[in-house]
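1. Please find the sequence and the predicted model below.
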Amino acid sequence: MMKENISIVILAAGKGSRMKSNKAKVLHSISGKPMLYHIIKESLKISDDITVVVAHQKEAVIKEISSYFDNINFVTQDANKFPGTGGAMMNVEPKNDKVLVLNGDMPLITAEALHGFLEIQADVIMSIFDLENPDGYGRVIIRNDRVEYIVEQKDADEAELNTTTVNAGIYAFSKVILERYIPELSNDNAQKEYYLTDVVAMVKEEEGTVVPILVDEEHFKGVNSKKDLADSEVIMQRRIRNRWMQAGVTMQLPETIYIEEGVAFEGECIVENGCRITGNSHIINSHIKAGSVVEDSIMKNSDCGPMAHLRPLSNIENTHIGNFVEVKKATLKGVKAGHLSYLGDAEIDEGTNIGAGTITCNYDGINKYKTIIGKNVFIGSDSQLVAPLTIEDDVMIAAGTTVTSGTVEKGSLALSRTKLKTIKNFYYKFFGKK
């Protein structure tokens, strides 16, 4: 998508008290990434001049966003002296002649949905939509296809409150308009805040052009509560799943599948119902069976599940992971682990079979240790492999064995079982039966 001659300002300074959380509002996650991340990602598709206005928990916001993007300008709002959306714009210095102002709590915005603001020429372009229940929104009074004025709900009279056309909260200004009117803003209102909407009134007073643009609620939906967050998640998940299905991924009962924004699929992939795929997982020509969880891992030419768990930093290739197998920070190439095993901090090579109930004992209470298993190794059921441990190629580990030595040499059998002892008629003696 071509970059436009436009600057974008994202207002991300608010506390978000209705979220009932200690976390900054814009850092609450949608599909694995902060709300603000999604807005910046889409903004960068149309502009190379992005400014984020911060205040509440600004250090946390800057740190989090800087971990994803390195070309963002941050401006701190003096929220004590100059609260409100108008106060947020006071120290912003956009590069381009047109300035698009977005809110940091609208994670469903897309670059395509913003194109209407780029095509219209006016002193001010403002977004509107019509709601059956406009409670909580500023009202927009429109006559002859032009905005007459905007009034915040807290300052509206009864007639204005009956208006169903509301302010969607997105604006495009010419740079000269902002430079002229932002310094003139007043906080003479019920909330003692500096409103960006007052710029619209000033422009109208001097017969400037204020053009409304009707937008759809889905893309411009604000998130003000945990309920809003959950509703937005549903929409974002539908978009993500549809995108990957259109790219060729087979999904069974897709509405039951959760896929985070950083996940990538390649080749022929199948995802069955009830799966959760998170982080930057990369799935290549693989099959994830029902009820499985894949976290920040790589699957190539492999299958896992049902009810398998690939924890972060797992890398499996040409491998079968069966039901109730957990893999953590392990690399498996050409391995079969059919069921009921824990494989953590391990490297396991091709041709190796992991029996049911096998555990890599990787933690001694202080440190984590690695288990290295070579090629064509047969691990019998109910084996405990106490790391640090190396099992060389062509080794057999007998069922029920605990391996504690540092190395099991190539071609060996490792066996640690107590000799079977049977006591005749013990059952009858114990229960007093004949």
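-> That came in fine, so what should we check first? Numbers count the residues shown, from 1 in each chain.

2. alpha carbons only for contacts and neighbour counts from here, please
-> Fine.

3. can you list the domains in this protein?
-> 7-214, 226-414 (automatic domain parsing).

4. right, so of these, which gets closest to Phe431?
-> With Cα to Cα, the closest approach to Phe431 among these belongs to domain 226-414: 28.9 Å.

5. what about the closest one, average pLDDT?
-> If you average the pLDDT over domain 226-414, you get 97.

6. and among the domains of the chain, the most buried is which?
-> Of all the domains of the chain, domain 226-414 has the most neighbours on average by mean count of other Cα atoms under 10 Å, namely a mean of 20.

7. the helices in the stretch 151-300 of the chain, which residues?
-> Per DSSP state H, counting those that start in this stretch, the stretch 151-300 of the chain carries helices over the ranges 158-161, 175-181, 197-205, 226-246.

8. any idea which helix or strand carries Ile142?
-> Per DSSP states H and E, Ile142 falls inside strand 139-143.

9. Could I have the CA atoms of that strand written out in PDB?
-> Listed in PDB are the C-alpha atoms of strand 139-143, where the atom choice follows Å, rounded to 0.1, in the frame of the first residue of the first chain:
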ATOM      1  CA  ARG A 139     -23.600  14.200  19.400                       C
ATOM      2  CA  VAL A 140     -23.000  15.700  15.900                       C
ATOM      3  CA  ILE A 141     -25.500  18.300  14.500                       C
ATOM      4  CA  ILE A 142     -25.500  18.200  10.700                       C
ATOM      5  CA  ARG A 143     -27.300  20.500   8.300                       C
END
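
10. In JSON lines, list the helices of the stretch 151-300 of the chain along with distance to Lys289.
-> Below are the helices of the stretch 151-300 of the chain laid out as JSON lines (distance: least, Cα to Cα, whole Å):
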{"stretch": "helix 158-161", "distance to Lys289": "52"}
{"stretch": "helix 175-181", "distance to Lys289": "54"}
{"stretch": "helix 197-205", "distance to Lys289": "52"}
{"stretch": "helix 226-246", "distance to Lys289": "16"}
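
11. in the sheet, who's paired with the closest residue to Asn73 other than its chain neighbours?
-> Excluding the flanking residues, the one nearest Asn73 by Cα to Cα, 6 or more residues apart in numbering is Thr51, at 4.5 Å. Note on Thr51: beta-bridge partners Val9, Asn73, judged by DSSP bridges.

12. Name all residues that make contact with Thr51.
-> Ser7, Ile8, Val9, Ile10, Ile72, Asn73, Phe74, Val75, Val92, Pro94 (Cα atoms under 8 Å, 6 or more residues apart in numbering).

13. Also Asp349?
-> Leu332, Lys333, Gly334, Val335, Ile373, Gly374, Lys375, Asn376.

14. picking that back up, Gly305: which of the helices of the stretch 151-300 of the chain is closest?
-> Of all the helices of the stretch 151-300 of the chain, helix 226-246 comes closest under Cα to Cα, at 20.1 Å.

15. Would you confirm that Pro312 contacts Glu295?
-> Yes - if you go by Cα atoms under 8 Å, Pro312 and Glu295 touch, sitting 5.0 Å apart.

16. ok, back up a step: and the contacts of Asp349 as JSON lines, adding distance to Asp145 and secondary structure?
-> Shown next, in JSON lines, are the contacts of Asp349 (distance: Cα to Cα, whole Å; DSSP: H, G, I helix; E, B strand; the rest coil):
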{"residue": "Leu332", "distance to Asp145": "64", "secondary structure": "strand"}
{"residue": "Lys333", "distance to Asp145": "65", "secondary structure": "strand"}
{"residue": "Gly334", "distance to Asp145": "66", "secondary structure": "coil"}
{"residue": "Val335", "distance to Asp145": "67", "secondary structure": "coil"}
{"residue": "Ile373", "distance to Asp145": "73", "secondary structure": "strand"}
{"residue": "Gly374", "distance to Asp145": "74", "secondary structure": "coil"}
{"residue": "Lys375", "distance to Asp145": "74", "secondary structure": "coil"}
{"residue": "Asn376", "distance to Asp145": "76", "secondary structure": "coil"}
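
17. Just send those residues back as TSV, with distance to Glu119 too.
-> Written out in TSV, the entries for the contacts of Asp349 read as follows (distance: Cα to Cα, whole Å):
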residue	distance to Glu119
Leu332	53
Lys333	53
Gly334	55
Val335	56
Ile373	61
Gly374	62
Lys375	62
Asn376	64
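
18. out of those residues, who's nearest Leu27?
-> Of the contacts of Asp349, the one sitting nearest to Leu27 (Cα to Cα) turns out to be Leu332, at 35.0 Å.

19. Asp393 versus the closest one, what's the distance?
-> 14 Å (Cα to Cα, to the nearest Å).

20. same deal with Gly84?
-> With Cα to Cα as the criterion, Gly84 and Asp393 are 68 Å apart.

21. and what of Asn242?
-> Taking Cα to Cα, one finds Asn242 at 45 Å from Asp393.

22. Next: Ser17.
-> 60 Å.

23. now Cys275
-> From Cys275 to Asp393 the distance is 35 Å (Cα to Cα).

24. Surely Ile109 and Glu42 touch.
-> Yes - look at Ile109 against Glu42 with Cα under 8 Å: they come within range, at 7.3 Å.
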